[in-house]
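Undergrad: Sequence first, predicted model second:
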Amino acid sequence: MTSGPIALEVARPGLVVLIGAAGAGKTTLAARLFAADEVISSDELRARVSGNATDQRATRLAFAILHREVARRLAAGRLVVVDATSVERAARRALLLRAAAARVPTVALLLALPPDLVHARNDARPGRLVPRDVVDHHLARVAQITGGGSAAAIGALVGEGFGQVVVVRSDDEVARLRIVRGPAVSRR
């Protein structure tokens, strides 16, 4: 059942954290909603570091670069969109700390799509196939966040420190996402 658009209000400067399993469509969504220079991708950084976007051995260095770049861009007054799974609370906390240091608003966009759809998308990713057990781990973490429904997920992520949370549970909802860009935010 299709309804109206789902608004995702973003400010500049600001931080948007995409949350979802590998294969949930975060990269595709980021490319549709945001300018390329607003997005920082952990997969792209892994590829730069190791030559392979799925090389988990490059994760530590890739995220060190990602966190440094998030802080730099936020300090420069930019909108920053983090394209990473961010399914672990510690990963989200590290990003929230950088946003707090820059005194910018934060948005969490949680892609809580059906596991069968996520696995099918992951299986169809050329050259970026993530092992099924890793995707299952991501899906379990997303299920923990959404266990009490979308309202509980929103409450949990707001409780972590996000100023705004949007949860999407279907391809229809993903298709209805729209960005509403607010005025520049003062960081007194």
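TA: Sure thing, it's come through. Numbers count the residues shown, from 1 in each chain.

Undergrad: Contacts for the helix or strand of the chain with the lowest mean pLDDT, please.
TA: When the helices and strands of the chain are scored by mean pLDDT, DSSP states H and E, helix 42-50 comes last with a mean of 90. Helix 42-50 has contacts (Cβ atoms under 8 Å, 6 or more residues apart in numbering) with 27, 52-55, 57-59, 61-63, 65-66, 82-85, 128. Heads up, the C-betas are built off the backbone N, CA and C, glycines and all.

Undergrad: how about it: buried residues?
TA: By 16 or more other Cβ atoms under 10 Å, the buried positions in helix 42-50 come out as 42-43, 45-47, 49-50.

Undergrad: Not counting its own residues, what contacts the helix or strand immediately after it in the chain?
TA: Per DSSP states H and E, the first helix or strand lying C-terminal to helix 42-50 is helix 59-75. By Cβ under 8 Å, 6+ apart, the residues outside helix 59-75 that reach it are 13, 15, 40, 42, 45-46, 48-49, 80, 82, 84, 91, 94-95, 98-99, 101-102, 104.

Undergrad: Any chance of a ChimeraX selection covering the buried ones in those residues?
TA: The ChimeraX selection below is limited to those of those classed as buried (16+ other Cβ under 10 Å):
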select :13,15,40,42,45,46,49,80,82,84,91,95,98,99,102,104
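
Undergrad: Just the contacts of helix 59-75: which are in strands?
TA: 15, 40, 80, 82 (DSSP state E).

Undergrad: so can I have TSV of these showing pLDDT and distance to residue 133?
TA: TSV is the format used below for the ones in strands among the contacts of helix 59-75 (pLDDT from 0 to 100; distance: Cβ to Cβ, whole Å):
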residue	pLDDT	distance to residue 133
15	98	30
40	97	26
80	98	31
82	98	24
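
Undergrad: closest to residue 23 among the residues you listed?
TA: residue 82 (17.3 Å; Cβ to Cβ).

Undergrad: Quick check: nearest residue in space to that closest one, chain neighbours excluded?
TA: Among residues not flanking residue 82 along the chain, residue 17 sits closest, at 5.0 Å (Cβ to Cβ, 6 or more residues apart in numbering).

Undergrad: you'd agree the one you found is in a strand?
TA: Yes - judged by DSSP: H, G, I helix; E, B strand; the rest coil, residue 17 forms part of a strand.

Undergrad: Tell me the pLDDT of it.
TA: Confidence at residue 17, expressed as pLDDT, is 98.

Undergrad: and it, what does it touch?
TA: Counting by Cβ under 8 Å, 6+ apart, the residues that residue 17 touches are 82, 86, 92, 95, 106-109, 162.
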